[in-house]
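Asker: could you look at this predicted model? Sequence included:
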Amino acid sequence: MPAADSLDPALRGRIESLLSANPVVLFMKGEPRAPQCGFSARAAAALAAAGVDDYAHVDVLSDPEIREGIKVFGDWPTIPQLYIRGELVGGADIIEQMANSGDLQATLGLPPPDRTPPTIHITPAAARMLREALAGAGEGFALQVSVDPRFNAQLQAEPLNRDAIACEVEGIRVQFDLASARRAEGLSLDWVDDARGRGLVIENPNAPAKVRELAPAEAAARVAAGTLTLVDVRPIDERAMAQAPVDFRTLDNGTAELESLPRDTPLAFLCHHGPRSGGAADHFRQLGFTELYNVTGGIDAWADTDPAIPKY
């Protein structure tokens with residue numbers, strides 16, 4: 001029974017109403033598409049990997065009363081917290097463990113997880129380096145590969161886990177969590193020592209296409225030719241000071257209209273100097289758009305090529 005005796009009755013009633021109205025509730029920091037802490041991100045990712053997409057979430061950062069009250073209600077001191085049918089399941093570690101084992105799916109009546117190990121490739125040069133690193137970690141270590149929702153891969157030595165999804169490549173045991181196993185299909189690891197530098201090179205064919213740089217002159221030519229949609233991400237007051245001399249779209253009314261475009265629509269993003277437009281381009285990259293550009297240097301660089309554009 002939840003330890004809610006010390007809760008204000010009205011707050012206890014709010015929490016109980018949430019739990020009775022929703023079979024699955026995740027109390028977290030942020031929201032599933034934009035978690036505001038690493039543990040909440042892990043919890044949301046584990047639910048997604050398990051195929052749990054029909055659940056309610058509560059952003060405790062926007063409701064301080066719930067943030068403190070839910071800790072007392074379930075006698076659980078940290079966030080996130082997952083409840084199923086009104087019962088506390090636990091935090092990020094427990095959610096991940098249950099998703100990886102299939103217990104979470106069984107509890108919710110979902111199909112068991114696909115635990116097929118991914119096919120990955122490790123070149124002999126990379127294998128030599130990795131074997132040396134694992135030997136330096138001590139006995140009983142394996143290579144843990146984690147691939148986050150943005151398809152960024154991390155490699156580290158972890159204790160051998162017999163329950164992990166695993167494969168053996170070039171004499172190296174490679175372990176994955178449930179979500180990473182699916183994202184890592186076709187992953188390749190190489191060791192290079194050339195003009196690119198010295199170190200591991202990780203290639204993931206599942207990763208969205210990278211955002212490319214585009215010079216202002218080329219952006220102008222492609223917009224004029226009708227082969228590119230330019231998006232100025234700056235607010236209206238900045239655009240009033242200087243704007244591109246070609247057709248462009250804005251984000252004044254949000255991103256929904258652009259997000260509804262076909263995923264192969266070529267999009268280029270523009271801001272003052274480049275960082276904000278780069279962030280906007282990366283957002284569309286995560287949505288699966290395949291041809292994305294950031295206008296190099298922003299409107300400031302565009303002004304260098306067109307004296308009619310003022311600088312600010």
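Answerer: All right, it came through fine. Residues are numbered from 1 along each chain as shown.
Asker: so who does the spatially closest residue to residue 303 that is not a sequence neighbour touch?
Answerer: Taking CB to CB, 6 or more residues apart in numbering, and ignoring the residues beside it in sequence, residue 303 has residue 309 as its nearest neighbour in space, at 4.1 Å. All C-beta spots, glycine's among them, are computed from the backbone N, C-alpha and C. Shown here is residue 309, whose contacts under the criterion CB atoms under 8 Å, 6 or more residues apart in numbering are 242-245, 299, 302-303.
Asker: again, but for residue 94
Answerer: Residue 94 makes contact with residue 82 under the criterion CB under 8 Å, 6+ apart.
Asker: TSV for the contacts of residue 309, including distance to residue 203, secondary structure and pLDDT?
Answerer: As requested, those are exported to TSV (distance: CB to CB, whole Å; DSSP: H, G, I helix; E, B strand; the rest coil; pLDDT from 0 to 100):
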residue	distance to residue 203	secondary structure	pLDDT
242	39	coil	97
243	39	coil	95
244	35	coil	96
245	39	coil	96
299	34	helix	98
302	34	helix	97
303	38	helix	97
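Asker: any idea which helix or strand comes after the helix or strand hosting residue 190?
Answerer: Assigning secondary structure by DSSP states H and E places residue 190 in strand 188-194. Helices and strands here follow DSSP H and E; after strand 188-194, the next one along the chain is strand 197-203.
Asker: that next one: which residues count as buried?
Answerer: Judged by neighbour count using 16 or more other CB atoms under 10 Å, the buried positions of strand 197-203 are 200, 202.
Asker: tell me the angle of it relative to strand 188-194?
Answerer: Between strand 197-203 and strand 188-194, the angle comes out at 160 degrees (axes from the mean of the first three to the mean of the last three CA atoms, to 10 degrees).
Asker: pull the distance from the next helix or strand along the chain from strand 197-203 to the chain's centre.
Answerer: Remark: after strand 197-203, the chain's next helix or strand is strand 212-214, criterion DSSP H and E. For strand 212-214, the separation from the chain centroid amounts to 22 Å (computed by CA atoms, centre = their mean, to the nearest Å).
Asker: can you list the low-confidence ranges for the protein?
Answerer: 1-5, 196 (pLDDT under 70).
Asker: can we see that at 50?
Answerer: Residue ranges of the chain with pLDDT under 50: 1-4.
Asker: center of it, which residue is that?
Answerer: With distances taken as CA atoms, centre = their mean, residue 149 lies nearest the centre of the chain, 3.6 Å away.
Asker: for that residue, which non-adjacent residue is closest in space?
Answerer: The spatially closest residue to residue 149, leaving aside those adjacent along the chain, is residue 45, at 6.0 Å (CB to CB, 6+ apart).
Asker: confirm that the residue nearest to residue 303 sits in a strand.
Answerer: No. When classified by DSSP: H, G, I helix; E, B strand; the rest coil, residue 309 is found to be coil rather than part of a strand.
Asker: separation between it and residue 29?
Answerer: Remark: distance between residue 309 and residue 29 (CB to CB, to the nearest Å) = 42 Å.
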